[in-house]
Every structure is written in C-alpha cells, then in structure tokens.
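> how would this look folded up:
(one chain, ligands or ions: 1)
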Amino acid sequence: MVRLRNDPHERGVDTGSVLPPITHDNPAVAQGDLLIRVDQLDERGVREVRTERHGVLAVGVTPGGEPFAVGNVCRHQYARMGRGSVTASGCLECPWHRARYDVTNGRMVEGPKGRIFGFRPYSAMFRLFGSRFGLRTFPVRLQDGAIHLVN
Ligand code: FES
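Residues are numbered from 1 along each chain as shown. Below is the predicted model of the structure:
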C-alpha cells in the first residue's frame, strides 16, 4: 500500500499500486445563485464550488461571519484557493506556499512562504504582483444559512 501525500493538508490518498491514482476535482456544485450552505464547509472555512456563470470559485466564510467568493487560482503558481484555508484574521491562505489574500478585495497581502519561495525579494515581488492583480471577487450574501451570489 502506497500513501501519497500530495493532497492539501496531507489528507493523503491510499492506493494499492505503486502508480499514482487518478484523482478528480470534487467541487461542490452551485444551485443557481445558491453557492453552498455554511454547514457544508469544514474547519478550513472555504471550498471549491462550480458555478454556471463563473466556473469554479473559492467560496467560504471568515471567522467574523462574512461570506466571500473569489477566483480559485493563486497568483503565484496556480494552486486552487478553494483547497486552502481561512486564517483566524480572515485571510484566505493558499494551500501550497501559504500566500494570503484579503477576501474583500482579492489582493495578496502576504507573499509565498517556505525555504525557497519565502526568499524575501522573491516573496515581496509576488506580493506586489498579487496586490495589483489579485483574485477576482464576487458579491455574495448570507441568507438562511447559505451563501448566495448577488447580482
Ligand atoms: S501557489 Fe499559492 S503561494 Fe504558491
């Protein structure tokens, strides 16, 4: 038995083969403007949601109870933001190198981290880029325990 650890948060994937398993994305599916119920979110506070109009979004709630929906692709190396997590301060953190985004405007507020990508000039360069060309944001509201697109 091989246990791969390439899944965010090291949830791992069990496989009976030495070959990597074929894995598929498993985003939640929006029902029209109803993106997701809050009780469908786990402790990460964010999830990928497939929508008809905007493709897959990262949808979640901050610890302060504010819902958000933002683009799903990190500006650094394209990790899926819906697989990240919401921090105690309400930022959306990338699952790969922990860049952080302000979910109210989509701007990167902290650059990538780690031994390689946390190299200060490199990280600062990406923070500058990500603050100018941040994640797209989508207006949402909380209603009856669910997050809805507004417009
Ligand atoms: S891919 Fe998001 S910080 Fe590197």
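> Spell out whether stretch 51-64 and the ligand are in contact.
No: counting by CB under 6 Å from any ligand atom, the ligand has no neighbours in stretch 51-64; the shortest distance is 11.7 Å. Every residue, glycine included, has its C-beta placed from N, CA and C.
> Oops, could you answer that again for stretch 90-105 instead?
Yes: on the criterion CB under 6 Å from any ligand atom, stretch 90-105 is in touch with the ligand at Cys94, Trp96, His97, Ala99.
> Just to check, the last one is in contact with Lys113?
Yes: here Ala99 reaches Lys113: they are 7.4 Å apart, a contact under CB atoms under 8 Å.
> of the two, who's got more company?
Ala99 (27 against 17; other CB atoms under 10 Å).
> which ones are touching the more buried one?
Listed by CB atoms under 8 Å, 6 or more residues apart in numbering, the contact set of Ala99 reads Cys74, Arg75, His76, Glu93, Met108, Glu110, Gly111, Pro112, Lys113, Phe126, Arg127, Gly130.
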